[in-house]
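K.L.:
Compute the structure for the input listed below.
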Amino acid sequence: MNYICTWLCADKKGEEGNFPQTGLPSSSQKHQNIYWRCVLVFFASSKRFNKKERHILFTNVETLPVIDGRELSSILKDLEVEVIHTGFKYKTPKNYFGSFQNQFYEFSILEYISQNDQNLNDQYLISDSDCIFIKPAEKLFAAAQPLGFISFEDPVKPEYVINGLSRNDLKTIYQELLGTEINEIPSYHLGEFLLCSVKNIKKIYSDFEELWPKLLERNAQGLQKFNEEAHTLSYLYFKNGFRASTDASFMRRIWTNPVFYREVRQSDTNLVLWHLPSEKIFGIHQLYQLFFNQNRNYGLDISNPAFIKIVQKAASVPNLSFKMKVKYYLVSYYNALKKRFKKLPVVKKRLLKEA
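P.N.:
Numbers count the residues shown, from 1 in each chain. Just a heads-up that it's a prediction; the model follows:
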């Protein structure tokens, strides 16, 4: 059986991470609702193209919320999405790394699969919720089947720093952890995507169990450590001899906001899965409004060609309209000014009193 999954790990008050894009406390319902809307659009896109695969949402939220006046549990039931609750076991200390602390929740997911699925040939595709399918995942699962694994890299230069570490830094840490010299600059695998067989998930999770206390110890000693799930998965893949696929036809991280960084290709229209990290409050929100508030069947009655055109326009892939360009600039600058305003001492003091 092939499974398509995403996840939402909700931070509790006092355990917030830094999520610059929303500018909101990650424990707030307003922040979390942005991600819940992404979850719904993700599954609506997948159910359209992937009818044979089973769909799972992993979350640490015990009671699913009401979103925009509708029960999330009811919508997920309509979309035939199984909801699996699992706690967030691998929490990093406050001084570990400021951003995206809940990314280590992915290892709680791998733990659950390792302990509860004994069919070693089952395959799990686990992606971030700000991803959208524009084609069936059948060929993606088929490509992973021979090794029970497929992953993709971000081909950044060895000295380029992502979330506190460069690929050169990764090499140094790998050598220290493995106790041996390595003769290559490791790949930085895309952390928003994992596709493995249960057999390999069990291997990866077993190695993570051994690695986790070492990461905490390195942090306590002030040593470099893996700051997020992509650093960690890249190491676990390397240790097990897994290498990134060179097939560029499946998925890509697509940066769409021209205010910060836009890197969109005409060939993106041929991919299976788009990761759209800049579109949570833009295109994905627009698709949510269309499919869940304006369409009676979550957009599933729309033909596939029409759906793809709608997604392309909403996400500005591959073309950026003048209207959308203006919206990116207005919203982005407004949010930036709002963040600066909130940092003013008088405003910050008032906000703390109201919290």
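K.L.:
can I get the CA coordinates of stretch 164-173 in CSV?
P.N.:
C-alpha atoms of stretch 164-173 as CSV (Å, rounded to 0.1, in the frame of the first residue of the first chain):
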residue,chain,number,x,y,z
GLY,A,164,22.6,27.7,10.3
LEU,A,165,24.7,25.2,8.4
SER,A,166,26.4,24.9,5.1
ARG,A,167,27.2,21.6,3.2
ASN,A,168,30.8,22.1,4.3
ASP,A,169,29.6,22.3,7.9
LEU,A,170,27.5,19.1,7.4
LYS,A,171,30.7,17.3,6.2
THR,A,172,32.5,18.3,9.4
ILE,A,173,29.7,17.1,11.6
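K.L.:
Can you give me the buried ones in that stretch?
P.N.:
L165, S166, R167, D169, L170, K171, I173 (16 or more other CB atoms under 10 Å). Every C-beta, even on glycine, is put in place using the N, C-alpha and C of the backbone.
K.L.:
possible to save those as TSV with pLDDT, secondary structure and distance to E210?
P.N.:
TSV is the format used below for the buried residues of stretch 164-173 (pLDDT from 0 to 100; DSSP: H, G, I helix; E, B strand; the rest coil; distance: CB to CB, whole Å):
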residue	pLDDT	secondary structure	distance to E210
L165	96	strand	20
S166	97	coil	25
R167	97	helix	23
D169	97	helix	21
L170	97	helix	18
K171	97	helix	20
I173	98	helix	15
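K.L.:
Let me know the closest of those to Y288.
P.N.:
Nearest to Y288 out of the buried residues of stretch 164-173 is L165 (CB to CB; 33.5 Å).
K.L.:
Show the model's pLDDT score for the closest residue to I150 other than its chain neighbours.
P.N.:
Among residues not flanking I150 along the chain, A144 sits closest, at 3.9 Å (CB to CB, 6 or more residues apart in numbering). At A144, the model reports a pLDDT of 97.
K.L.:
what's the answer for L352, then?
P.N.:
Predicted confidence (pLDDT) for L352: 42.
K.L.:
Please apply the same query to V83.
P.N.:
Per the predicted model, pLDDT is 98 at V83.
K.L.:
quick one: it from V326, how far?
P.N.:
From V83 across to V326, the span is 39 Å (CB to CB, to the nearest Å).
K.L.:
List the residues that contact the residue sitting nearest the centre point of the chain.
P.N.:
In the chain, the residue lying closest to the centroid (CA atoms, centre = their mean) is D128, at 2.4 Å. Contact partners of D128, counting by CB atoms under 8 Å, 6 or more residues apart in numbering, are T6, E192, F193, H275, P277.
K.L.:
hmm, try it at 10 Å
P.N.:
6-8, 35, 38-39, 42, 103, 106, 190-194, 229, 253, 275-277 (CB atoms under 10 Å, 6 or more residues apart in numbering).
K.L.:
Low-confidence stretches in the stretch 201-350 of the chain?
P.N.:
Across the stretch 201-350 of the chain, residues meeting the criterion (pLDDT under 70) sit at 339-350.
K.L.:
name the helices or strands packed onto the strand or helix carrying T172?
P.N.:
Assigned by DSSP states H and E, T172 belongs to helix 167-178. For helix 167-178, the packing partners by 3 or more CB pairs under 10 Å, 6 or more residues apart in numbering; DSSP states H and E come out as helix 198-220, helix 229-239.
K.L.:
which of the ones you listed is buried the deepest?
P.N.:
Of all the helices and strands packed on helix 167-178, helix 229-239 has the most neighbours on average by mean count of other CB atoms under 10 Å, namely a mean of 23.
K.L.:
if I look at the residue lying closest to S151 once chain neighbours are set aside, how far off is N270?
P.N.:
Excluding its sequence neighbours, the residue lying closest to S151 (CB to CB, 6+ apart) is H189, at 4.9 Å. Distance from H189 to N270, counting by CB to CB: 22 Å.
K.L.:
If you count surrounding residues, which of the two has more?
P.N.:
H189 (25 against 12; other CB atoms under 10 Å).
K.L.:
Kindly list the main-chain dihedrals of the more buried one?
P.N.:
Backbone torsions of H189, given as degrees, to the nearest 10, read phi -80, psi 150.
K.L.:
And it, how close does it get to R48?
P.N.:
27 Å.
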